[in-house]
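Enquirer: Task: produce atomic coordinates for the following.
(2 chains)
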There are 2 protein chains.
Amino acid sequence: MGQGVHVTELPGVGTRYDVDLADDENRVSVVVRPGGTRYLYVFATRSAEPTAVLELTDEQARKLAAVLSATFYEG
Amino acid sequence: MGQGVHVTELPGVGTRYDVDLADDENRVSVVVRPGGTRYLYVFATRSAEPTAVLELTDEQARKLAAVLSATFYEG
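Expert: Residues are numbered from 1 along each chain as shown, chains lettered A, B, ... in the order given. Sure thing, here's the model as predicted:
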């Protein structure tokens, strides 16, 4: 699982995870704050500035994770 | 788990999942194609046009999901 994810500790901020994508153009990073809040950064260009930033609560992040991992079922 | 996620079948395309966020400004949607490819749409404005779109393979989507759900550990 470690392969394809780069982890960077950001002292005082949290932990940053960079997920490798197939191409150079797109990148996605998640910053997990000690309290559980996640920041999702999407880079859809080569720019250092993210194309979009989303702040997610723990619950929202878990829902998005369930959908992404295809473990989401209506119930 | 069903709460907070809206599911829409898109015939011939796949299944679309809209994850409720706290505010009206931001939205995130995932379209899962029959073959497993996911499209992540991030709406960081009220516009109908997504701010960013990412195409993720099954493996990439699972890695991002693991990071988001905080089940990712280096190993």
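Enquirer: Tell me which stretches of chain A form helices.
Expert: With DSSP state H as the criterion, chain A has helices at A:58-68.
Enquirer: so how far is residue A:54 from residue A:64?
Expert: From residue A:64 across to residue A:54, the span is 9 Å (C-beta to C-beta, to the nearest Å). C-betas here are computed from N, CA, C, even on glycine.
Enquirer: which one of those two has more residues nearby?
Expert: residue A:64 (28 against 24; other C-beta atoms under 10 Å in any protein chain shown).
Enquirer: isn't the more buried one right up against residue B:26?
Expert: No - contact criterion C-beta atoms under 8 Å: residue A:64 and residue B:26 do not qualify, at 11.8 Å.
Enquirer: picking up where we left off before, which residues do residue A:64 and residue A:54 both contact?
Expert: Taking C-beta atoms under 8 Å, 6 or more residues apart in numbering or on different chains as the criterion, residue A:64 and residue A:54 both touch A:40, B:28.
Enquirer: Spit out the contact partners of the residue most central in space within chain A.
Expert: Nearest to the mean C-alpha position of chain A, by C-alpha atoms, centre = their mean, lies residue A:30 at 2.7 Å. Residue A:30 sits next to A:16-17, A:19, A:38-41, B:64, B:67-68 when contact means C-beta under 8 Å, 6+ apart.
Enquirer: Same list (the residues you listed) but as JSON lines, adding pLDDT and distance to residue A:4.
Expert: As requested, the contacts of residue A:30 are exported to JSON lines (pLDDT from 0 to 100; distance: C-beta to C-beta, whole Å):
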{"residue": "A:16", "pLDDT": "95", "distance to residue A:4": "15"}
{"residue": "A:17", "pLDDT": "94", "distance to residue A:4": "10"}
{"residue": "A:19", "pLDDT": "90", "distance to residue A:4": "7"}
{"residue": "A:38", "pLDDT": "94", "distance to residue A:4": "19"}
{"residue": "A:39", "pLDDT": "95", "distance to residue A:4": "20"}
{"residue": "A:40", "pLDDT": "95", "distance to residue A:4": "17"}
{"residue": "A:41", "pLDDT": "95", "distance to residue A:4": "17"}
{"residue": "B:64", "pLDDT": "95", "distance to residue A:4": "10"}
{"residue": "B:67", "pLDDT": "92", "distance to residue A:4": "11"}
{"residue": "B:68", "pLDDT": "94", "distance to residue A:4": "15"}
